[in-house]
Structure formats: C-alpha cells, structure tokens
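Student: Generate coordinates for the sequence data below:
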Amino acid sequence: MYSVDKTNFKKYLVNFPHQIAESYKIFKQAKISLKKDKINNIICLGMGGSAIAGDILSDVLFDSLTLPLKVNRGYGIPAYCTESSLVIASSYSGNTEETLSAVEAARKKKARIVAITSGGELLSLAQKYKWPVLQIPEGFPPRQAFGYMFFTLYQLIGKMISLDISEGFFNNLVHKAETIVYRCNEETASGKVFAKDLALHIKNKIPVIYSSDPYLSAIGVRWKNQFQENSKSMAFSNVIPEMNHNEIVGWELENECLKNYLVLFIEHENIHPRINARINLTKNIIRDRSIEVMEVYAEGDTPIEHVLSLIITSDWVSYYLALYYEKDPINIVNIDYLKGELKKQS
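Tutor: Next up, the predicted model:
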C-alpha cells in the first residue's frame, strides 16, 4: 500500500508535533512585541495553506480577539488598511505572487508588517524594509507546514492580547498532538485506525464536509483542501447554520449522481443547542436521500485543542485516501502546471 508514497510524505504527518515545539522556539527567538493600543485591525495576507492558518486562528480566537481580523486572499488590500493596521504576510515559499503584490500595497499605506515565511522574495523584502520576521524551516510542502504557519501566528496575536503562550502550554499541545498521531499511524496504533477506516469509507465517493460556526467554520475548508491536494479527490465544504439557508435545498435533487456523495459532519461537544438541532435535522434530510453520513468529533476541551485534533486527523485521512487511490500525496500536477504557464505570461 505504501509503494505510491515515493517521497515518504508520511514523515510530515508523523513529525507534526515537532512543528508545534519548534514554533514555540522560533517565536521566542524572534522577540517580536506588538502594542495592541496602536492597532485597529489585523489583515492576514496569504493563499492556500498559508491563508488557512489565519482562517482557523479567527475561529479559535472568536471569544478572545476584540480586533477585527480579515484573511486577505488576492493581489490587493482593503481600503481600510492604514498605518494603524497590522498586516501579517504569510507565504511559506516567500514567492506567492498574490501575497507579494498585497504586501507591497500595504507597505505603501505604511501599515505595520510582519512576515511569516521560509525564505524567498518575502524574506528579502522583510530584510530590506526591516520588517519583523518569523522565519520557519524550508523543505516542506506548504500545506504540510501548517504547524509552523499556525502556531507562530497564534503566538504573534496571542502575545498581543495576553493569551497563554507559555512553554507549558505548548508542551501540553505537543503531548496531545503526539497522542493523536500515534493513534492515526497504523504502524503505532493498537487496534483499528479510525483515519484509515474513514478513508476507506470515502474511497470512490465525493466527500461533502459540514462544520459549524463559529469555532469550526474553517476546519471544513482545511479537510476539503487536504482531500483535493493530498488525495487528488474532488471535495466540497460548507458551514452550519449558513448552509441551512441555501445548500440544503440542493439535496432535493432527483438524480442518480447523489449516490456519489458521502457527507461528513465535523463536530464538537460544546456546541450551541440550536446549531446542534440544525445538525441533527440536516443529517435526517440527507439520510432520507439514502446518502451515507459519517461523523468526526473533535477531541479536547478548548477551541485550539479541537482544531488541533481535527487538523491532524484530516492529514491522515487524506493521506490514506491518496494511497487507496494509488496517488503519491506529494504531487500537485495541476498547480505546478498553472504556475509554470503563468510565469511564462508574466
């Protein structure tokens, strides 16, 4: 089964807890200090795996962050970006053209800029203009550098709003991550491996992922993206309660194609009772169409522990699904083609 993993992609999944530990050291060594009273809004620039860290951070800090935070995907920046804005330019490679364009626009507006990158042009710009940098290790597929991208960002904002970012806090997260990885890895797990079983259920189906607002609204996007990039599988996601006002009607379709879908609900125990009622009713509607419904529950007691467990699980499920499809999870042929063609036209 593992012969298709020619580059040992699995090592990125096994070593995810190490990214958390290293992120703590990277931030501590950077010695970045931000004063909240001089910042009116936060704008996270990024695309793909670099942007999803900002989306998930916004969910995790829903009850803590009193400043508006926008994840900005694209070449420009919003008009409200000023010298009172904190702009966090995140690009794992440092060469993401949309992020480089947007950070230049932010520089011209005299925004306060911090860079999170492994190198490339963004690092060069940061050194030129003396922006603070959280420099993370090179050599990872950007989507599998999530631990570095997220936990450096978490500390940057966390320090500003007085969250617990102590070594003890991070050691606890590392321990929880190690436990989940141990259970997801069939070489170390005892008994059945949930992530592998779930991948087998999803095989030959198109997964539709539903998560709930506000604490898990972005996690469905992460699962969708991991299925797409790692497994080379089409996937879709939406959020409850929003999908109850539009997409839910789509399940009324009278067509054989509905049999191709598998619906995955990503949940946690501390959910708003009305959202819980909506989830149960939505499951009933979908099951009445003879569509398979499965559930994944977050582990832990806090929003950050919830997303930690779900991020790790999504990595392993998408990895096993890639192997079932006999696809090397490292390859992203269409993205590489697109970037190559765009470069010819620049």
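Student: If I look at the residue sitting furthest away from the middle of the chain, what pLDDT would I see?
Tutor: Distance from the C-alpha centroid of the chain peaks at Glu254, with 34.0 Å (CA atoms, centre = their mean). Looking at Glu254, its pLDDT reads 91.
Student: contacting residues around it?
Tutor: Glu254 makes no contacts at all, as judged by CB atoms under 8 Å, 6 or more residues apart in numbering. All C-beta spots, glycine's among them, are computed from the backbone N, C-alpha and C.
Student: Make sure it is indeed in a helix.
Tutor: No. Judged by DSSP: H, G, I helix; E, B strand; the rest coil, Glu254 forms no part of a helix; its state is coil.
Student: How much space separates it from Arg289?
Tutor: 9 Å (CB to CB, to the nearest Å).
Student: Let me see the ranges of the helices in the stretch 101-250 of the chain.
Tutor: Ranges of helices in the stretch 101-250 of the chain, per DSSP state H, counting those that start in this stretch, are 120-129, 146-160, 167-184, 194-202, 219-230.
Student: Determine the set of other helices and strands touching the third one.
Tutor: With contacts defined as 3 or more CB pairs under 8 Å, 6 or more residues apart in numbering; DSSP states H and E, helix 167-184 has these neighbours: helix 10-14, helix 16-30, helix 194-202, helix 303-324.
Student: most tightly surrounded among those helices?
Tutor: Burial of the helices and strands packed on helix 167-184 is given as mean neighbour count (mean count of other CB atoms under 10 Å); helix 303-324 ranks first at a mean of 24.
Student: What are the contacting residues of the following helix or strand past that one?
Tutor: Using DSSP states H and E, the next helix or strand after helix 303-324 towards the C-terminus is helix 333-345. Residues outside helix 333-345 that contact it (CB under 8 Å, 6+ apart) are Glu97, Glu229.
Student: what's the angle from helix 333-345 to helix 219-230?
Tutor: 80 degrees (axes from the mean of the first three to the mean of the last three CA atoms, to 10 degrees).
Student: From the recorded domain assignment, give the ranges for this protein.
Tutor: Following automatic domain parsing, one finds the domains of the chain at 2-169, 192-324.
Student: Reformat those as TSV; add distance to Lys343.
Tutor: Putting the domains of the chain into TSV (distance: least, CB to CB, whole Å) gives the following:
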stretch	distance to Lys343
domain 2-169	9
domain 192-324	20
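Student: Minimum distance to Lys176: which of these has it?
Tutor: Smallest distance to Lys176 across these (CB to CB): 6.3 Å, for domain 192-324.
Student: End to end on that closest one, go ahead and measure it.
Tutor: End-to-end distance for domain 192-324, by CA to CA, to the nearest Å: 17 Å.
Student: Looks like Leu163 contacts Ser64 (just checking).
Tutor: Yes. Contact criterion CB atoms under 8 Å: Leu163 and Ser64 qualify, at 6.5 Å.
Student: Any chance of CSV for the helices of the stretch 101-250 of the chain, columns distance to Asn238 and mean pLDDT?
Tutor: Below are the helices of the stretch 101-250 of the chain laid out as CSV (distance: least, CB to CB, whole Å; pLDDT from 0 to 100):
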stretch, distance to Asn238, mean pLDDT
helix 120-129, 32, 98
helix 146-160, 21, 97
helix 167-184, 25, 98
helix 194-202, 17, 97
helix 219-230, 7, 98
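Student: For Phe9, which of the ones you listed is the nearest?
Tutor: Per CB to CB, nearest to Phe9 of the helices of the stretch 101-250 of the chain: helix 219-230, 7.8 Å.
Student: Give me the buried positions along stretch 53-68.
Tutor: Ala53, Gly54, Asp55, Ile56, Leu57, Ser58, Asp59, Val60, Leu61, Leu65 (16 or more other CB atoms under 10 Å).
Student: out of the residues you listed, who's nearest Ile136?
Tutor: Distances from Ile136 to the buried residues of stretch 53-68, taken by CB to CB, are shortest for Ala53, at 11.2 Å.
Student: Is the closest one part of a helix or strand, or is it coil?
Tutor: Three-state assignment for Ala53 (three-state DSSP): helix.
Student: Next, work out how far apart Leu61 and Ser217 are.
Tutor: Applying CB to CB to Leu61 and Ser217 gives a distance of 13 Å.
Student: ugh, typo on my part, it should be Leu69
Tutor: From Leu69 to Ser217 the distance is 13 Å (CB to CB).
Student: The two: which is more packed in?
Tutor: Ser217 (20 against 17; other CB atoms under 10 Å).
Student: The nearest residue to the more buried one once chain neighbours are set aside pairs with what?
Tutor: Computed as CB to CB, 6 or more residues apart in numbering, the closest residue to Ser217 that is not its neighbour in sequence is Val239, at 4.8 Å. Beta bridges link Val239 to Ser211 when assigned by DSSP bridges.
Student: For Val239, give me its contacts.
Tutor: Contacts of Val239 (CB under 8 Å, 6+ apart): Tyr210, Ser211, Ser212, Asp213, Ser217, Gly220.
Student: what residue ranges in this protein score low on pLDDT?
Tutor: 1-3 (pLDDT under 70).
Student: quick one: secondary structure of Glu83?
Tutor: Here Glu83 is recorded as coil under three-state DSSP.
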